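What follows is a predicted protein model with its sequence.
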Amino acid sequence: MKKSLFVVFSFLLVFSLSFGALAQDRVVTMMGVWGGQELEAFQEVMAAFTEKTGIKVQFEGTRDLPTLLQTRIAAGNPPDVAAIPGPGAMKEYVEQGALIDLNKSLDAKLLEEDINDAWIELGTYKGGLYALTFAADIKSLVWYRPAEFAAKGYEVPTTWAEMEALMDKMVANGDTPWAIGLESGAASGWPATDWIEDIMLRTAGPDVYDQWVNHEIPWTDARVQEAFEIFGKIARNKDYVYGGPTTVLATNFGDSVSELFTDPPRAMMHRQASFITSFITDANPDVVIGEDVAFFGFPMIKPEYGNPMLGAGDMIAQFRDTPEAAEFMNFLASAEAQEIWANRLGKLGTNNKINPAVYPDDLTREMAALLNSADVFRFDGSDSMPAAVGSGAFWEGMLQYVGGEDLESVLEYIESVAQESY
């Protein structure tokens with residue numbers, strides 16, 4: 001009898017120890033590019049997940065993520081989860097059969113109630129949901145000084161017709177509507193590509209935008225030409241932009257917003273992403289963001305395309321079908337995880353149940369509300385194109401066009417590079 005009890009007790013002891021070891025071994029591996037403050041913030045996210053679930057996260061950081069991740073995929077040893085550059089990379093991984101459909105991993109109620117359709121659409125390809133947009137940056141912003149608008153009787157436009165009327169009113173009053181700077185060293189020209197992308201979304205719509213980014217329509221397409229022409233009416237017009245094209249080409253993108261803060265202002269508006277606030281405060285320490293300067297959304301151009309939003313973001317995909325990876329993806333989709341990231345970095349979360357109080361200031365709260373009310377969100381187009389096009393011919397073509405070159409020639413040049421690159 002004693003011998004039997006000893007055997008049973010020994011079996012239970014071994015089983016409990018083995019079970020404990022298995023529990024301790026629950027791990028998620030993740031690959032990403034974050035360093036510095038971003039990595040510190042994500043370490044807090046990972047720690048919160050481990051505390052909640054007991055699952056550890058092993059994070060592997062690399063600055064050459066596409067190359068390393070592709071090597072690991074080819075070797076049959078991908079991480080469980082990885083940050084990916086954007087929708088273009090997501091589609092490539094889907095074509096390789098490397099990604100897990102998140103409809104199998106993410107809680108259906110969370111997807112239905114907490115994540116807006118724009119984010120679902122962004123991560124969807126060939127009928128599956130393959131990427132979670134963990135956080136986003138917003139680009140479709142026009143910065144202005146509320147006090148100057150009030151003093152001059154200018155009203156914030158909500159449509160392009162209202163914007164055109166406002167620009168004409170400013171010119172009639174002796175004011176210059178826009179400050180634009182395209183100089184950025186080896187990356188000169190990129191700020192103009194954001195203008196084209198915002199305009200394309202509002203004149204041709206998201207479907208054509210996607211076709212353009214994927215080179216399913218040529219750069220010489222009339223709809224691409226239309227977007228360039230709308231931008232050209234501003235950037236190539238000395239009445240509409242401070243200093244005319246020469247100044248636009250010579251002025252650094254981060255310095256150009258300073259024209260709003262001269263006395264009197266040399267320009268009344270500046271289109272740029274949310275990160276421009278750091279350039280404003282560095283050059284103008286006394287300026288209070290949200291009071292002395294504010295923003296409004298880039299206006300609607302064609303009503304049928306609603307309120308699209310251009311930006312960039314942190315997209316995360318699942319590469320291995322494990323329970324631990326699924327739990328981690330659900331956590332990253334939650335308001336709890338995104339509130340940590342948003343609070344530490346001022347990023348904009350995509351879960352619509354995030355407590356607005358976690359954002360560092362009222363202006364960021366306004367950006368988050370604008371972002372999550374968007375009908376459509378699209379990733380920065382030039383960042384989604386092959387480098388020879390997006391960060392090559394497209395940038396160069398914008399400089400040529402603003403400098404006075406014929407639009408047809410510029411578009412034919414970019415198209416020739418695109419034909420060799422896709």
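Sure thing, it's come through.

for the stretch 301-422 of the chain, what spans make up the helices?
Ranges of helices within the stretch 301-422 of the chain are 323-333, 335-345, 362-372, 381-384, 387-388, 394-402, 407-421, based on DSSP state H, counting those that start in this stretch.

Surely residue 312 is in contact with residue 380?
Yes. The pair formed by residue 312 and residue 380 meets the contact definition of CB atoms under 8 Å, at 5.1 Å. (Glycine included, C-beta is placed from N, CA and C.)

re the thing from before, nearest to residue 43, of the helices of the stretch 301-422 of the chain?
Counting by CB to CB, residue 43 lies closest to helix 335-345 out of these; the figure is 9.9 Å.

can you give me the angle that closest one makes with helix 323-333?
Angle, helix 335-345 to helix 323-333, by axes from the mean of the first three to the mean of the last three CA atoms, to 10 degrees: 60 degrees.

what angle do helix 335-345 and helix 362-372 make?
Here helix 335-345 runs at 130 degrees with respect to helix 362-372, directions being taken by the same axes, to 10 degrees.

Which other helices and strands does helix 335-345 contact?
Applying 3 or more CB pairs under 8 Å, 6 or more residues apart in numbering; DSSP states H and E, we find helix 335-345 packed against helix 36-53, strand 132-138, strand 348-349.

Residue 295: which of the helices of the stretch 301-422 of the chain is closest?
The closest approach between residue 295 and any of those, judged by CB to CB, belongs to helix 362-372 at 7.5 Å.

Which positions in that closest one come out as buried?
By neighbour count on 16 or more other CB atoms under 10 Å, the buried set for helix 362-372 is 363, 364, 365, 366, 367, 368, 370, 371, 372.

try stretch 210-226
210, 212, 213, 215, 217, 219, 221, 224.

Quick check: end-to-end length of that stretch?
One end of stretch 210-226 sits 16 Å from the other (CA to CA, to the nearest Å).

How about stretch 292-299?
For stretch 292-299, the first-to-last residue distance is 21 Å (CA to CA).

Let me see the residues that make contact with it.
Defining contact as CB atoms under 8 Å, 6 or more residues apart in numbering, one finds that stretch 292-299 is touched by 140-147, 156-160, 162-163, 198, 202, 260-261, 271, 280, 287, 307, 309-310, 363, 366-367, 370.

Listing request: residues of this structure with sub-threshold pLDDT.
1-24 (pLDDT under 70).

in it, which spans are strands?
With DSSP state E, the ranges of strands along the chain come out as 27-32, 56-61, 81-84, 124-125, 128-129, 132-138, 141-144, 269-271, 294-297, 308-318, 348-349, 376-379.
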